[in-house]
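# Give me coordinates for this.
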Amino acid sequence: MNKILFVEASPRGAASKSTQLANEYLETLSRAGAGVEVDHLKIWEADLPTFDGDKVAAKMAVIGGQEQSASEKTAWEQISEIAGRFASADRYVFSVPMWNGGIPYRLKHYIDIVHQPGILWGLTPDAGYFGLLKNKHATLVLTAGAYSPDFPAPAFGVDHQSTYLHDWLTQAGVEQIDEVRFQPTLLTATPEADFEKAKRAAIGLAEQHSSTF
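Reported below is the predicted structural model:
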């Protein structure tokens, strides 16, 4: 049984195109009998603690190999529980709308919580950062109102969405990353047809992935 962590980053629920596409992907895997367990994380409903002073101090103590204070240990236990849930998944599915060229701030908040030393990454003076996640796979479902990779002009937006997610996941050790894109969602004369094309891409990718489970 493969455990998939589905991170739903849109606050729009069933109206979200990125969420709809991610659901198509996951439902296709299920119909294909891929043997998956989906852990669904709705980050707009999740209890994400503030990454405050104690948590930052606890993180720096881990990096520096120093003893944590009592309050830092408590803070680190809270962070480690959330990060451990992420690290325990075999695969990841992210449904992510583009906000102002980047990702929704609640997703960034979540990433800042889970991307921790000794859990997702390590650091050495000679080699720099290295990922601790092994044999993981991620599927990114990306939408954007105006931006399109076919029209990479600044006037239509700049992609700090996929680039940020790729860089973060790669640093954590995720080596296989696939994408499904519905971009743009607004500046197109055929939004319904374009969405159906993206849906077919999500279904096709799921069918391809089902053979690897």
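
# and the closest residue to Arg12 other than its chain neighbours, what does it touch?
The shortest distance from Arg12 to any non-neighbouring residue, by Cβ to Cβ, 6 or more residues apart in numbering, is to Thr19 (7.3 Å). The way it works is simple: take the backbone N, C-alpha and C, and place the C-beta from them, glycine included. Residues near Thr19 by Cβ atoms under 8 Å, 6 or more residues apart in numbering: Glu8, Ser10, Arg12, Gly13, Ser95.

# What average pLDDT does stretch 51-60 get?
Average pLDDT, stretch 51-60: 94.

# got the residue ranges for the strands in the chain?
2-8, 36-42, 91-97, 121-124, 128-131, 137-143, 176-182 (DSSP state E).

# and the nearest residue to Gln116 once chain neighbours are set aside, how far is that from Arg31?
The shortest distance from Gln116 to any non-neighbouring residue, by Cβ to Cβ, 6+ apart, is to Ala83 (5.0 Å). Distance of Ala83 to Arg31, computed by Cβ to Cβ, to the nearest Å: 32 Å.

# In terms of packing, which of those two has more residues around it?
Ala83 (19 against 12; other Cβ atoms under 10 Å).

# so that one touches Pro117, yeah?
No: contact criterion Cβ atoms under 8 Å: Ala83 and Pro117 do not qualify, at 10.1 Å.

# got the end-to-end distance for stretch 26-36?
Counting by Cα to Cα, to the nearest Å, you get 9 Å between the two ends of stretch 26-36.

# what's the offset of that stretch from the middle of its chain?
Centroid separation between stretch 26-36 and its chain, computed with Cα atoms, centre = their mean, to the nearest Å, is 20 Å.

# before we move on, what about stretch 174-181?
Using Cα atoms, centre = their mean, the offset of stretch 174-181 from its chain centre is 10 Å.

# Let me see the mean pLDDT of it.
Stretch 174-181 shows a mean pLDDT of 97.

# Go through that stretch and flag the buried ones.
By 16 or more other Cβ atoms under 10 Å, the buried positions in stretch 174-181 come out as Val174, Ile177, Glu179, Val180, Arg181.

# that older thread, quick one: which of the contacts of Thr19 is nearest to Gly131?
Ser95 (22.9 Å; Cβ to Cβ).

# biggest helix in the chain, by residue count?
Ranked by number of residues, the top helix in the chain under DSSP state H is helix 191-210.
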